[in-house]
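Novice: Structure of the sequence below:
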Amino acid sequence: MPQIDSAVLAAIASPRRREILRLLWHEERPAGEISRAMPDVTFGAVSLQLRALARAGLVRVRAEGRLRLYRVEHAALGPVGTLLERMWDDALWTLKLRAELAATRRGPRRGMTQDERPRHDC
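Specialist: Next up, the predicted model:
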């Protein structure tokens, strides 16, 4: 069984980072496009996730004028890449991802009234 780098596992532990990898899987994209594909979080939050993926060696960034373009480093993922592809093809995984992303979302959701917002009473 091939050994999986713990830094890779730590990097893909976040559902947001896995979603970013999915968005980049087949093509290089600018940071702004990635951010627009994730409208429930700020550009700054997406930027932090991209930096974490870059530090782990899972994405490569290159400058083109004012743009920062990101692409997946497939070889760095090793056998985890195959697992991710299988997950993304699974409809249940998509539902799970949506639930995880909703659960990790901080602050009010767009379009929610004060009464509809979740309460976190202690």
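Novice: so where is this structure shaky, pLDDT-wise?
Specialist: Segments of the chain classed as low confidence (criterion: pLDDT under 70) are 1-4, 91, 93, 105-122.
Novice: mind listing the strands for it?
Specialist: Assigned by DSSP state E, the chain shows strands spanning 29-30, 59-64, 67-72.
Novice: could these go into CSV alongside mean neighbour count?
Specialist: Heads up, the C-betas are built off the backbone N, CA and C, glycines and all. Below are the strands of the chain laid out as CSV (neighbours: other CB atoms under 10 Å):
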stretch, mean neighbour count
strand 29-30, 16
strand 59-64, 13
strand 67-72, 18
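Novice: So which of those is nearest Arg17?
Specialist: With CB to CB as the criterion, Arg17 lies closest to strand 59-64 of the strands of the chain, at 9.3 Å.
Novice: picking up where we left off before, would you reformat the strands of the chain as a markdown table and include distance to Leu92?
Specialist: Formatted as a markdown table, those follow (distance: least, CB to CB, whole Å):
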| stretch | distance to Leu92 |
| --- | --- |
| strand 29-30 | 26 |
| strand 59-64 | 26 |
| strand 67-72 | 23 |
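Novice: Ok, which of those strands comes nearest Thr104?
Specialist: With CB to CB as the yardstick, what comes closest out of these is strand 59-64 (19.9 Å).
Novice: mind exporting that closest one as CSV, just the C-alpha atoms?
Specialist: These are the backbone C-alpha positions of strand 59-64, laid out as CSV (Å, rounded to 0.1, in the frame of the first residue of the first chain):
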residue,chain,number,x,y,z
VAL,A,59,-1.7,23.6,-6.4
ARG,A,60,0.8,25.7,-8.3
VAL,A,61,0.2,29.5,-8.8
ARG,A,62,1.6,31.6,-11.6
ALA,A,63,1.3,35.3,-12.2
GLU,A,64,-0.1,36.6,-15.5
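Novice: Neighbouring strands - and their directions - for that strand?
Specialist: strand 67-72 (antiparallel) (DSSP bridges).
Novice: what comes into contact with the strand it pairs with?
Specialist: Strand 67-72 has contacts (CB atoms under 8 Å, 6 or more residues apart in numbering) with 21, 24-25, 27-32, 34, 50, 53-54, 58-63.
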